[in-house]
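Trainee: A structural model of the following input is requested.
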Amino acid sequence: MSKFELLAPAGDLEKLKVAILYGANAVFIGGLKFSLRSRASNFTIADIKEACDFAHKHNAKIHVTCNIVMHNNDTNGILDYLKELEACGVDCIIASSLYILKLVKENTKMEAHVSTQCSSANPEAIKFYERLGVNRVVLARELSLDEIATIRKSTKTDIEAFIHGGMCVSYSGRCMLSNNMTNRDANRGGCAHSCRWCYDYLADGNKYNPEGDYFAMSSKDLCAITAIPKMMDIGINSFKIEGRMKSLHYIATVVNAYRRIIDEYESTGTVKDFNIYLNAISKAENRLTATGFLFHEPTIEEQLYDLNLTVPTKDFIGIVKSYDKDKHIAYIEQRNYFKPFTNIEVFSPNGTKIIPIKEIYDMDGNPVDAARHPLQALYFYTDEELYPYDLLRLE
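Mentor: Numbers count the residues shown, from 1 in each chain. Down below sits the predicted model:
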């Protein structure tokens, strides 16, 4: 097993299982309490228990976020909740509250990880948390590779760094735009992504943007593929992918790309072609990407002003549920429109292959002229053996 942890997000159990099958060593999730990204925190205690059982069966870990910025009425029941999580088998708690971190260390055997919400951006901050006995610090996203290297040399505590996903226009997500404009507090799980809205440019009562053109103020998403070798050389312990709101296809594609590049560099000491991994990610990414602060201070090139440049992909058409070896039938769940008599790409944890399909049938055995109903159960005949959680894409 790799000594470098690849940590993936998951908004539900299906995404969690896919993340692990496609290469994640650990998955971070949010429960129904004390978590940011409240809309992506769909895990009940029963779900968390199932998640832990599945993860541990596959030699992976479960991290649970308790990283809400706590107000007075948010403190009730936190210790009981932590005890419930420990009983489920949760490995780590991610928190920004010193109170929660203290409770984890003093009352459970789970690891305590300092959230990126704390904006840990210098060796002194890491040493402070180290004295508290935390197991890991998640670094601020506003650090260069040189700054990360300096921090790494100053501490033996595990450090975790973001490698992929959304970048906030504020420091480490501590933004007040959403709260001010919609009364949805980003620091308590309700971010409305106000930086990604479409805005007119007005001055002196005049509108200066052309008709139909709008402006946003968000950053391009982070993509650290080209920085992975340097980050591994520095000695970062965990590489974190952001995106609990992202799709199953996105999770599988991004996780698998980073899994493969980490494995390649760890085994050979080199990366032959970064474009292999960048092209793989492009099949699921729907926003422009950049390298954030890693190589240099962000410029205008790292900002996203024209949201027309973001193009959601529709190549993901379905997921394999099962395969009947005797009858050569693949049973699938449809996710996007596609037609019979076409070639499709099967994307699995072990690679990709192209297969032709002919007729498509619904579960009553009726042929369909197109797969057009979301989540519809369908099947087709193929001599290629497929496996549960294989993903299907248009060629």
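Trainee: pretty sure residue 385 is touching residue 322, no?
Mentor: No. Here residue 385 lies out of contact with residue 322, judged by C-beta atoms under 8 Å, at a distance of 11.2 Å. The C-beta positions use only the backbone N, C-alpha and C, and glycine is treated the same way.
Trainee: And stretch 220-240, what's buried?
Mentor: In terms of neighbour count (16 or more other C-beta atoms under 10 Å), stretch 220-240 has its buried residues at 220-232, 234, 236-240.
Trainee: In helices, which of those residues fall?
Mentor: Those of these mapping onto helices are 228-232, 234, per DSSP state H.
Trainee: Let me have these in TSV, extended by distance to residue 197.
Mentor: As requested, these are exported to TSV (distance: C-beta to C-beta, whole Å):
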residue	distance to residue 197
228	32
229	37
230	35
231	33
232	37
234	36
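Trainee: what about the helices in the stretch 1-150 of the chain?
Mentor: Under the criterion DSSP state H, counting those that start in this stretch, the stretch 1-150 of the chain contains helices at 13-21, 45-57, 78-88, 98-107, 123-132, 145-154.
Trainee: domains in the protein, as residue ranges please.
Mentor: 5-309, 316-394 (automatic domain parsing).
Trainee: Comparing the ones you listed, which comes out most buried?
Mentor: Of all the domains of the chain, domain 5-309 has the most neighbours on average by mean count of other C-beta atoms under 10 Å, namely a mean of 18.
Trainee: Do me a favour and average the pLDDT over that one.
Mentor: The average of the pLDDT scores along domain 5-309 is 88.
Trainee: Where is the longest helix in this structure?
Mentor: helix 248-268.
Trainee: by contact count, what packs against that helix?
Mentor: Here helix 248-268 touches strand 5-9, helix 13-21, strand 158-165, helix 228-234, strand 238-241, helix 274-282, strand 342-348, strand 391-394, going by 3 or more C-beta pairs under 8 Å, 6 or more residues apart in numbering; DSSP states H and E.
Trainee: how about JSON lines for the ones you listed, with distance to residue 267 added?
Mentor: Supplementary listing: the helices and strands packed on helix 248-268 in JSON lines, determined by distance: least, C-beta to C-beta, whole Å:
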{"stretch": "strand 5-9", "distance to residue 267": "15"}
{"stretch": "helix 13-21", "distance to residue 267": "21"}
{"stretch": "strand 158-165", "distance to residue 267": "19"}
{"stretch": "helix 228-234", "distance to residue 267": "12"}
{"stretch": "strand 238-241", "distance to residue 267": "16"}
{"stretch": "helix 274-282", "distance to residue 267": "15"}
{"stretch": "strand 342-348", "distance to residue 267": "20"}
{"stretch": "strand 391-394", "distance to residue 267": "25"}
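Trainee: mind checking which of those is nearest residue 208?
Mentor: Closest approach to residue 208 among the helices and strands packed on helix 248-268 is made by strand 158-165 (32.3 Å; C-beta to C-beta).
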